[in-house]
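Asks: after the sequence you'll find the predicted model.
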Amino acid sequence: MTQILLPLSYLIGSVTFIMGLKMLSHPDSARKGNMVAAVGMTIAIIATIFLYTDEAGNKLGNYAWIFGGLIIGSIVGTLAAKKVQMTAMPEMVSLFNGMGGACAMLISIIEFKHHTTGVSELYEEAGASVFSTIPGTLFITIIVGMVIGSVSFAGSIIAWGKLNGKIKDFSFNGQHILNLLLLGVITALTCYIIISRPDNTTMLFYSVLALALVYGIFFVLPIGGADMPVVISLLNSFTGVAAAFGGFLYNNPVMLTGGILVGSAGTILTILMCKAMNRSLKNVLIGSFGGNKAGGGAAGSKEQGTYKEISLNDTATLMAYASKVMIIPGYGLAVAQAQHACHELEKLLNEKDVEVSYGIHPVAGRMPGHMNVLLAEADVSYDKLLEMEDANDQMGSTNVVFILGANDVVNPAAKEDPSSPIYGMPILEVEKAEHVIVNKRSMKPGYAGIENELFFRPKTSMLFGDAKKVLQDLVAELKQM
Amino acid sequence: MDFLNNLFSDPATYRLLTIVILSIFLGIEVISRVPSVLHTPLMSGANAIHGVVIIGAIIVMGQAPSDDYVALILGFLAVVLGTLNVVGGFVVTDRMLEMFDKKKKGKKA
C-alpha cells in the first residue's frame, strides 16, 4: 500500500501544476490556481521526505538538515515576498528564479561528487578510469543540468542587480563574439567530457561550471533595461529546463512535468514578449539592445528641438473640459508609487463626466503586465485598461492623452526612423489624439537610452515633476474647479 | 550513440522522454491563451512551479553520508535555496493576485 503513495502523490503534484497554470491564465480563477499548485507542491515535498526510497529500499536520512533547510527557506522566503514593494516585484521574481537555478546547479555538483569519489582508487588499481563507469545518460543529465542551472543563477542575479540599479549596463567591443565563443567552449568541453572521459574530468567539470557562471553574467550584463522582461522570462524557462534535468536524474515524474511545463510556457511567454517589441529572440540572446553604440548613435545624430511646457492649472482645465482622457502609464508611475494618486485623478474626472481609460503597452514598465498589477493595486477597474490595439483604435476620438512616466512605448521613432534601435516596435500612437501631455521628471532619455522626438512635436506639452506629486497637485487643482 | 540507444531501449527513460514531449505541448497550449494582464502573475507562478527542483535537493540531502560535510553543506544550501524559490514564488504570486481579488469584492459590495 505504502509504495503506491509516492507515485500517487507525484501524479497529484503533476496534475495540480497543469491545473494551476491553466487557472492562472484566467482572471477569475488565477488566485485559486496559484493555491492549487502550491498545495500540489506541498504534497509532493512531504511525500518525498517520508516515502522516498532508493533502489535498495533505503529511506532518506538527515531529517534535521532537511527540515532545518525547509524552515529557514520558508521563513526568509515568506518575509521577503511579503515585504517587497509592488514596484520591486520584477527584481524579486528574478531573485527567486536565481535561487531555483542555484539549487539545480548544487544538485548536479553533489551528484557528480557522489558518482566520482570514493571508488577511484579501486579503479585506478584495475587500470581503468572511474569516469568511464558512469552511464552516459546520467553523466549528460548531470552536466547539462549544471550548465543550465548555473547560467540561470548567474544571469538572474545580474538581472536582479540591474533592475534595482545596483549594476550598471556594461558592454565592450566584441562582447557578442566573446559570448558566442564562451558558449562554444562550454558545449565543446561538455561533449569532450561526456565522450572521452579523460582522467582530469573532475577539473574539466569545474571549469565548465566556472565558464557557465561567467557566461550567465556576460549574457545579461550588456542587455539594456527595455529587454529585461524578456531576459527574466527566458531565464525562468531555463530554470524550468534545469529542474527537468533533475527529473531525469532521479526518474522523478513530478520534477519532469513541472520543469518542462515551465520551460515551454516560459519560452512561449518570451516569444510573445519579443513579438510585442518586434525583435527576434536571437537578437535578444546575443545581447545587442540598449548597447552604447545603438543608443548613442541615434541620440547623438539628432539636434535637440524645442519643447513647450504646460502649467498644472492649464493641464487641469484641459482635462476637466475634455470628454475623453487616456492615461498612458510607464515605469515612471511605478517608481513614484503614484498608482493611488492616478486612480484618484481618474475618479475625480469621472465625477466631472470625463471618460477616462488607460492605454497599456504590453512592455510598459519592467515586466509584461507590470502596469496592470500596479493599477490593480490601486483598485483601478479591469475594463478601463485597454490593450494596445484597442487603445490605438480609440486614440482618434481622445481629447487628451496623459503620459505618465512612459517613454519608449510612445516613441514615434519606432514607426518613422529606420535607424532607430527600436524601429518596428509597435507603439501607442498618441499623436492621433488632440492633445498630448507628457509627465516626466526631466528631459533625459528613457530606459533604452533613446531620444524621443515626441517631446518636440507641436501637439506635445511637457509637465515636469515627480509623477506622484504632479498627480496630487492636479487632483487638488481639479477639486477647486 | 550509447546515449541514444539508452534513450529508446530503456523503458523508464523512454517513458520520461514521452512525458517531456507531451509536457512541452501542454505548456504551449496552456500559455498561449493568457490575457496580457496576467503575464506578470503567470511568470511569477511558473517561477514558483519550477521550484519543484527542491525535491531533487531533498533527495540529495537525504542520501548524503552523514560524515560527508561538503555534501551535507551543499545539500543544505540547495534545500534552503529551493525552498526560497517555492515559498517566495507562491507568496509573491498570491500577493499580486490578491489585488485583483480585492477589487472584485469591492465591486460587488
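Replies: Alright, I've got the coordinates. Quick caveat: nothing in here was measured; it's all calculated off a predicted structure. Residues are numbered from 1 along each chain as shown, chains lettered A, B, ... in the order given.
Asks: restricting to C-alpha, output whichever strand or helix holds B:Leu81 in PDB.
Replies: B:Leu81 is part of helix B:69-83, with elements assigned from DSSP states H and E. Taking C-alpha atoms only, helix B:69-83 is exported to PDB below (Å, rounded to 0.1, in the frame of the first residue of the first chain):
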ATOM      1  CA  TYR B  69      30.300  17.500   5.300                       C
ATOM      2  CA  VAL B  70      30.900  19.000   1.900                       C
ATOM      3  CA  ALA B  71      27.800  17.100   0.600                       C
ATOM      4  CA  LEU B  72      25.800  18.000   3.700                       C
ATOM      5  CA  ILE B  73      26.500  21.700   3.500                       C
ATOM      6  CA  LEU B  74      26.000  21.900  -0.300                       C
ATOM      7  CA  GLY B  75      22.800  19.900   0.100                       C
ATOM      8  CA  PHE B  76      21.600  22.000   2.900                       C
ATOM      9  CA  LEU B  77      22.200  25.100   0.800                       C
ATOM     10  CA  ALA B  78      20.300  23.500  -2.100                       C
ATOM     11  CA  VAL B  79      17.300  22.800   0.200                       C
ATOM     12  CA  VAL B  80      17.300  26.400   1.500                       C
ATOM     13  CA  LEU B  81      17.600  28.000  -2.000                       C
ATOM     14  CA  GLY B  82      14.900  25.600  -3.400                       C
ATOM     15  CA  THR B  83      12.500  26.400  -0.500                       C
END
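Asks: how about it: buried residues?
Replies: By neighbour count with 16 or more other Cβ atoms under 10 Å in any protein chain shown, helix B:69-83 contains the buried residues B:71-72, B:74-83. Every residue, glycine included, has its C-beta placed from N, CA and C.
Asks: need the contact list for the residue minimising distance to the centre of chain B.
Replies: In chain B, the residue lying closest to the centroid (Cα atoms, centre = their mean) is B:His50, at 1.7 Å. Shown in contact with B:His50 (Cβ atoms under 8 Å, 6 or more residues apart in numbering or on different chains): A:97, A:100, A:236, A:239-240, A:242-243, A:258-259, A:262-263, B:85.
Asks: tell me how many other residues surround residue 84.
Replies: Answering for chain A, as no chain was given. 18 (other Cβ atoms under 10 Å in any protein chain shown).
Asks: right idea, wrong chain: chain B
Replies: If you count neighbours by other Cβ under 10 Å, B:Leu84 ends up with 29.
Asks: what's the domain layout of chain A?
Replies: Per the record, chain A has its domains at A:1-83, A:89-286, A:305-480, by automatic domain parsing.
Asks: so does the last one get close to chain B?
Replies: Yes. Using Cβ under 8 Å from any Cβ of the partner chain, domain A:305-480 reaches chain B at A:360, A:362, A:367-370, A:372-373, A:376-377, A:379-382, A:385, A:387.
Asks: avg pLDDT for that domain?
Replies: For domain A:305-480, mean pLDDT is 85.
Asks: chain center to it: distance?
Replies: Distance of domain A:305-480 from the chain centroid (Cα atoms, centre = their mean, to the nearest Å) equals 23 Å.
Asks: what of the first one?
Replies: Averaging C-alpha coordinates over domain A:1-83 and over its chain gives two centres that are 24 Å apart (Cα atoms, centre = their mean).
Asks: helix or strand with the lowest mean pLDDT in chain B?
Replies: Least confident helix or strand of chain B, by mean pLDDT, DSSP states H and E, is helix B:2-9 with a mean of 70.
Asks: I'd like the next helix or strand past that one.
Replies: helix B:11-31.
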